[in-house]
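Asker: from the sequence below, what's the structure:
(chains A, B and C)
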Amino acid sequence: MSEIRTPLLHVENLKQHFKISRKFTTKAVDGISFDIYEGETYGLVGESGSGKSTTGRSIIRLYEPTDGKIIFDGHDISGKLSKEDEKFLRTNMQMIFQDPMACLNPRKKVSQIIAEGLEIHHLCKSKQEIEERVADVLDKVGLSKEQGTRFPHQFSGGQRQRVGIARALVMNPKLVIADECISALDVSIQAQVVNLMKDIQEETGTTYLFIAHDLSMVKYISNRIGVMHLGHIVETGTTDEIFENPIHPYTRSLLSAIPHPNPVVEKARRAITYNKDEEGVDYEAGYEHVLSETHKVLATDEEFEKWTKK
Amino acid sequence: MIRDDHEFQEDDFQFAHAADEKLIDKNYSATSYAKDVWNNFKKNKGALIGAVIIMIIILMAVVGPNMNEFTYKQIHSGQECLVPRIPGIEKLGLFDGYHNGANQYAQKGASDVYYWFGSDTQGRDIWTRVWSGTRVSLIIALAAVIIDIVIGMVYGLVSGFFGGTVDSFMQRFAEILNGIPTLVIVTLLGMVLPAGITSIIFALMLTGWIGMERIARAQVLKVKEQEFVLASRTLGANKFRIIFSEILPNIMGQVIVTSMFSIPNAIFLEAYLSFLGLGVPAPMASLGSLVSDGYKSMTTFPHILIIPVFVMAILMLCFNLFADGLRDAFDPKMINK
Amino acid sequence: METVKRNKDDRVLYIRDLNISFQTAYGTVRAIRGVRLDLFKGETIAIVGESGSGKSVTVKTIMGILDSNGVIDSGQIIYRYKDENGEEQEVDLVKMSQKDIRYKLCGKHIAMVFQDPMTSLDPTMTIGKQIMEPMREHYNISYNEAKQKALDLLTEVGIDNPDKRFKQYPHELSGGMRQRVVIAIALACDPDILICDEPTTALDVTIQAKILELIKELQDKKGISVIYITHDLGVVAKVADYVAVMYAGRIVEKGKINEVFYDPRHPYTWGLLSSMPDTDTNSRRLYAIPGSPPNLMEKVPGDAFAARNKFALNIDYKEEPPMYDIGGQHRVASWLCDPRAPKVELPAELVEKLEKMKKEANINE
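Answerer: Residues are numbered from 1 along each chain as shown, chains lettered A, B, ... in the order given. The predicted structure is shown next:
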């Protein structure tokens, strides 16, 4: 089904290097490629320092990508942005941030925060229209219109994250990048936010790039998953493929690290460790092995043979 | 815990109907930021007293010099070095013009004259001179605040926001300026400009804003990487909007506090320069020049020294207390506690 | 499954009716309300709850590091230990000053592992020096003896090449290694009780399990009791023998781990268990507890959880429920356990989940 579809977001060989000093450069993202199709959720998983958040920020152009190509709905948004491309990007791609405390300006009212994008791009003809759209989106994320007149510090963490979602949604974006948007929340609130995001997707057909370090929540929301490690996507596939037939040892170790709330099982279980250097895995030398149309693993021939035999 | 006297009602063990999800989440009491700051400020008694005294001193600086018949430069020969004498209170034996057991005023043939704060070595009214001197000090304080905000804050904001080469260049420049001692600058300025308020304000303009510049820059660096600024950037906000609507409101508290703390420094700078003879020219008075004058007759007529010293000390103390209270009120850590 | 037998004489620590409040600018916050908890020798208990549930305040009190605006209104924390002469001692931590607790007990008898290894290590001191410091402080032993013991400890916590690590600074180690060092420091004086405050949340997922396994291993070897503070039921399932679920300053459900996990009785525990994503269920929607944790500043009559509870009874809005004895070690503070309460159908997602959990664990009712 996917051959005919053109992806909404096409990332090819994206590199993001940061110069620390004259001699030393951090290769946060080192040549990754993936596609995201309209209406789906792509989960990007990895540990801290794997470059997953950097990837998100490069795509939305908070950073200048070092190299690579990003095509977003037919617009090339890598390299220098033209005025139209910039406007297209800023109105159609939005981000939800990690920290519900820090992602809202404490000096602005919630309705002002949500309306900011509409005002910048003059998307509404009148003040009244802005108010209407803000009220609509507040309702959508489960907040009341009256709450729009309050300041962020008067909300709980979960509510603040809802405001963050509302700010992204009010623009009717084609793609929303959710950068670890649940990891700072309490357990009971995480489920609320994930459910809300799913409901919104069902209603509006928004596409998500869901970045997280925790595979278990990603499973609930994602159609396809990419596993990142040290700036490379080591394995990508549909959620079922990743969970039922993980090939790369890093994916396996991530999967084995998910805790099960089942005391008897959990006490007996031992997590698999993965150490890239000990196992002698070389990401630079590896290339993409295709297992199925959607399932791909980064490996050298030798490695691939070794891993699939197991 | 169950209270013993609780009687169970019949419907106690029936389901209460489920509440609406939106209503379940309670909101915290609504107070605006400004109100929070004011509430916190009110709790600090020292700062409140400081603020009130500053008001009174400002009022006195405005109306004080015109409250009696003297002017600040009027010399009354024959009425030098009189001690304070205040009508009404003199009956209590205080401020009655007696010095070393004798009524000075009667001795000098001025029984119907009242110098509320006494007169100085040239027979000028200290009351009028002190309040007009306070006026000078306050003008300098105001200038210091304006310079801090107009030059210091803007400089720091630009330097911190744009970063990179711009930042390096601007910081090196500020460091060079900061390396020149203020005294040298003022002395040199004194040669070019006539001594007086203008040259002191010029001196402040050259170096007085560097402290503020550093604070503003540090604040900008802190705020600009916060997620709400990034959020604004992903929405396509231009630099102008980010600076004025996202960053500035969040650093304003610190900026105000810092500028308040720079007031006592500016007042002190003026006093210090006057004391060295680089301040306002005679016969104009400033708190510094009054102290400098009074110091010469400290042993014989201490009131000439004590009164301006007292006013200056109170003024600086109150500005410090006030700024301290403001800092605590603006500090979000204190608000959350 | 084997759990430590709970014999009254083996209690290391027991808390009775602890009440703690905080004086804040906006009024008094009752952070801990009537907490009762036992810790037995060699046992692991986990205190589970969301932020603001009072779980951290409880252990801070034990460690003598309660914030200065906190007041212990009533209650007892009895700690039993053997002193240097091998004599049984029993002290009430509530009656001791915080300073005394810190000087006499902390480190030596009660040790703590904090959440973030980067901030709990001193960046200017070598690893070796930091491990040796408590030993030399409490035991008055020579440098060489201390060094030998430190090297042994480093090996014990699974750090290879201890001689080299001994001389390194914290920033030269990875996050997981650092947490191992923190554990080594905590164990340096052979404590009876180890308190772990979210020891893995700051670490990467792949390392989390390893650290938990390490703590478990060391505990079995040394026979120490461990208190875990966490919000992650997966962690609890892995390590704990006994669980206490806290909500708004109260323990709402406690019991042996199997009792609580396979037969939860409090609606809050239901919510927590069902909002936990499971890797192998195929349901596409998570059950979520509505609303957010309450603000303890306001005094609400009745059960603090009532407003978020789908199964709230009328009485929940009037009276706080007492602790009901469900049998075994299992205690629940919910009116639903009252014989007069109506029968409640568990949420379908949870029933399914519990069934599956039991099947996996081979437990038959």
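Asker: show me what the longest helix seen in chain C is packed against.
Answerer: Identified as the longest helix of chain C according to DSSP state H is helix C:205-222. Judged by 3 or more Cβ pairs under 8 Å, 6 or more residues apart in numbering or on different chains; DSSP states H and E, the packing partners of helix C:205-222 are helix A:249-256, helix C:175-187, strand C:193-197, strand C:225-230, helix C:233-239. Glycine gets a C-beta too; all of them are placed from N, C-alpha and C.
Asker: tell me, how many residues neighbour residue A:288?
Answerer: Here the count is done by other Cβ atoms under 10 Å in any protein chain shown, and residue A:288 has 12 residues near it.
Asker: could you do residue A:23 as well?
Answerer: Around residue A:23 sit 6 other residues, with neighbours defined as other Cβ under 10 Å.
Asker: you'd agree it is in a strand?
Answerer: No. Assigned with DSSP: H, G, I helix; E, B strand; the rest coil, residue A:23 falls outside any strand and is coil.
Asker: what about it, distance to residue B:56?
Answerer: Here the distance between residue A:23 and residue B:56 works out to 63 Å (Cβ to Cβ, to the nearest Å).
Asker: next: residue A:224.
Answerer: Counting by Cβ to Cβ, the separation of residue A:224 from residue B:56 is 72 Å.
Asker: quick one: which of the two has more around it?
Answerer: Per other Cβ under 10 Å, whichever of residue A:224 and residue B:56 has more neighbours is residue A:224, with 23 against 12.
Asker: list the contacts for that one?
Answerer: Contacts were defined as Cβ atoms under 8 Å, 6 or more residues apart in numbering or on different chains; by that measure residue A:224 touches A:40, A:41, A:42, A:43, A:236, A:237, A:238, A:239, A:294.
Asker: apply 6 Å and report the result again.
Answerer: If a contact means Cβ atoms under 6 Å, 6 or more residues apart in numbering or on different chains, then residue A:224 has A:42, A:238 as its contacts.
Asker: check residue A:36 too.
Answerer: When the contact criterion is Cβ under 6 Å, 6+ apart, the partners of residue A:36 are A:7, A:8, A:9, A:42.
Asker: now list the buried members of these.
Answerer: Under a neighbour-count criterion of 16 or more other Cβ atoms under 10 Å in any protein chain shown, the subset of these counted as buried comprises A:7, A:8, A:9, A:42.
Asker: from residue C:330, how far off is the residue of chain C found nearest chain A?
Answerer: With Cβ to the nearest Cβ as the measure, residue C:234 is the residue of chain C nearest to chain A, at 2.2 Å. As for residue C:234, its distance to residue C:330 is 21 Å (criterion: Cβ to Cβ).
Asker: what does the stretch 51-200 of chain A have sitting close to chain C?
Answerer: Counting by Cβ under 6 Å from any Cβ of the partner chain, the residues of the stretch 51-200 of chain A lying close to chain C are A:156, A:158, A:186, A:187, A:188, A:191, A:192, A:195.
Asker: and the residue nearest to residue C:219 when sequence neighbours are not counted, how many neighbours?
Answerer: In this structure, residue C:219 finds its nearest non-sequential neighbour in residue C:226, 5.5 Å apart by Cβ to Cβ, 6 or more residues apart in numbering or on different chains. For residue C:226, the number of neighbouring residues by other Cβ under 10 Å comes to 23.
Asker: okay, and the residue lying closest to residue A:70 once chain neighbours are set aside sits in which element?
Answerer: With Cβ to Cβ, 6+ apart as the measure, residue A:78 is the residue that lies nearest to residue A:70, at 4.3 Å, once sequence neighbours are left out. With elements taken from DSSP states H and E, nothing contains residue A:78; it lies in neither a helix nor a strand.
Asker: ok so, going back, what about the residue of chain C closest to chain A, how many neighbours?
Answerer: Neighbours around residue C:234, by other Cβ under 10 Å: 21.
Asker: three-state assignment of the residue lying closest to it once chain neighbours are set aside?
Answerer: Of all residues not flanking residue C:234 in the chain, residue A:259 sits nearest, at 2.2 Å (Cβ to Cβ, 6+ apart). State at residue A:259, reduced to three classes by three-state DSSP: coil.
Asker: residue A:259 - how many residues pack around it?
Answerer: Here the number of neighbours of residue A:259 (other Cβ under 10 Å) works out to 25.
Asker: what are the ranges of the helices in the stretch 151-300 of chain B?
Answerer: Secondary structure of the stretch 151-300 of chain B, counting by DSSP state H, counting those that start in this stretch: helices at B:154-162, B:164-179, B:182-192, B:197-203, B:210-224, B:227-234, B:239-241, B:248-275, B:287-294.
Asker: can you redo these as JSON lines with mean pLDDT and mean neighbour count?
Answerer: Supplementary listing: those in JSON lines, determined by pLDDT from 0 to 100; neighbours: other Cβ atoms under 10 Å in any protein chain shown:
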{"stretch": "helix B:154-162", "mean pLDDT": "90", "mean neighbour count": "20"}
{"stretch": "helix B:164-179", "mean pLDDT": "88", "mean neighbour count": "12"}
{"stretch": "helix B:182-192", "mean pLDDT": "78", "mean neighbour count": "15"}
{"stretch": "helix B:197-203", "mean pLDDT": "80", "mean neighbour count": "21"}
{"stretch": "helix B:210-224", "mean pLDDT": "89", "mean neighbour count": "21"}
{"stretch": "helix B:227-234", "mean pLDDT": "90", "mean neighbour count": "22"}
{"stretch": "helix B:239-241", "mean pLDDT": "87", "mean neighbour count": "12"}
{"stretch": "helix B:248-275", "mean pLDDT": "83", "mean neighbour count": "21"}
{"stretch": "helix B:287-294", "mean pLDDT": "79", "mean neighbour count": "24"}
